[in-house]
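[1] quick one: sequence and predicted model below, then my questions.
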Amino acid sequence: MTLAERLDGDDSSLEWVVRAMQVVLAVITLYGLVALNWGLVINAGVSLAITFLPGYLENDLHLPMNAGLALWITLAVFLHAVGALGPYEWFGWYDSVTHALSASIVAGAGYASARALDVHYDDLTIPPAFMFGFILVFVLAFGVLWEILEFASGGVAAALGGEPVLAQRGTSDIVFDLFYNTAGGTIVAAIGTAKLRPLADVLAGQFGEPDSE
């Protein structure tokens, strides 16, 4: 079985990788509690909660979430939480990788939502070329919001005398973050939408019966 086939299916080995990352996130959260490092607790705790989202989407909303999609989401939040332990400071490229991967998740969510609306409403048509641009704008808008949250986190930490939950390293960091956000979104817009189309089509059914007009 090729890697692509394993990512598209429900490969048990990939599920074990996801479980292992969840265990590590739980350990990091507990460590943060013991060390009274609330920034670490929030980063790792929220990341751990997000890893259970694919299971919720599949079991409760009946959306097709295979092992590859679960691994994709889990890896993005896992790398972010682990980065708070030091890799963000140790490796200059680490922040770029996490931003590109996280942006790809945002791009996928944006595409799935837009595609679902397109399928559901007969009077709404989103051309492929417009969809490409929409994904990029969606990712950039989310990226700007994230940078604002990082700035606000630093301000709150300075006022309260603690460590910021989200770290911001100056204007050059913002530019690089937005660049790699765009790179992650471009990859999804260019070659990833076909993998997400079945998910989007099922999501469209969650809105009820399609319009007949």
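    Good, I have the coordinates.
[2] and this protein, what are its domains?
    1-85, 90-213 (automatic domain parsing).
[3] mind putting those in JSON lines, mean pLDDT and mean neighbour count included?
    To be clear about C-beta, it is placed using only N, CA and C from the backbone, and glycine gets the same treatment. Output for these, formatted as JSON lines (pLDDT from 0 to 100; neighbours: other CB atoms under 10 Å):
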{"stretch": "domain 1-85", "mean pLDDT": "85", "mean neighbour count": "17"}
{"stretch": "domain 90-213", "mean pLDDT": "83", "mean neighbour count": "16"}
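[4] next helix or strand past the lengthiest helix in the chain?
    Ranked by residue count and defined by DSSP state H, the top helix of the chain is helix 128-160. The helix or strand immediately downstream of helix 128-160 is helix 171-187, counting by DSSP states H and E.
[5] just to revisit the earlier point, how distant is the longest helix of the chain from the center of its chain?
    The chain centre lies 13 Å from the centre of helix 128-160; the measure is CA atoms, centre = their mean, to the nearest Å.
[6] that one packs against which elements?
    Counting by 3 or more CB pairs under 8 Å, 6 or more residues apart in numbering; DSSP states H and E, the packing neighbours recorded for helix 128-160 are helix 94-120, helix 171-187.
[7] want to throw those into a markdown table with distance to A81?
    Supplementary listing: those in a markdown table, determined by distance: least, CB to CB, whole Å:
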| stretch | distance to A81 |
| --- | --- |
| helix 94-120 | 10 |
| helix 171-187 | 17 |
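[8] any idea which of the ones you listed gets closest to A159?
    Closest to A159 of the helices and strands packed on helix 128-160 is helix 171-187 (CB to CB; 21.2 Å).
[9] list the helices and strands whichever strand or helix holds Y56 packs on?
    Assigned by DSSP H and E, Y56 falls within helix 53-59. Counting contacts by 3+ CB pairs under 8 Å, 6+ apart, helix 53-59 is packed against helix 67-83.
[10] can you give the distance from the helix it packs on to the centre of its chain?
    8 Å.
[11] what does that helix rub up against?
    6-12, 14-15, 17-18, 21-22, 24-25, 28, 43-44, 46-48, 50-51, 53-55, 94-95, 97-98, 101-102, 104-105, 108, 195, 199 (CB atoms under 8 Å, 6 or more residues apart in numbering).
[12] how does it look with 7 Å?
    With contact meaning CB atoms under 7 Å, 6 or more residues apart in numbering, helix 67-83 is reached by 7-11, 14-15, 17-18, 21, 25, 28, 43-44, 47, 50-51, 53-54, 94, 97-98, 101-102, 105.
[13] which parts of the helix or strand just after that helix are buried?
    Downstream of helix 67-83, the next assigned helix or strand under DSSP H and E is helix 87-90. Using 16 or more other CB atoms under 10 Å as the test for burial, helix 87-90 gives Y88.
[14] C-alpha coordinates for helix 87-90, PDB please?
    Presented in PDB, the C-alpha positions along helix 87-90 are these (Å, rounded to 0.1, in the frame of the first residue of the first chain):
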ATOM      1  CA  PRO A  87      11.700  24.600  19.100                       C
ATOM      2  CA  TYR A  88      10.300  28.000  18.200                       C
ATOM      3  CA  GLU A  89      13.400  29.600  19.800                       C
ATOM      4  CA  TRP A  90      15.900  26.900  18.700                       C
END
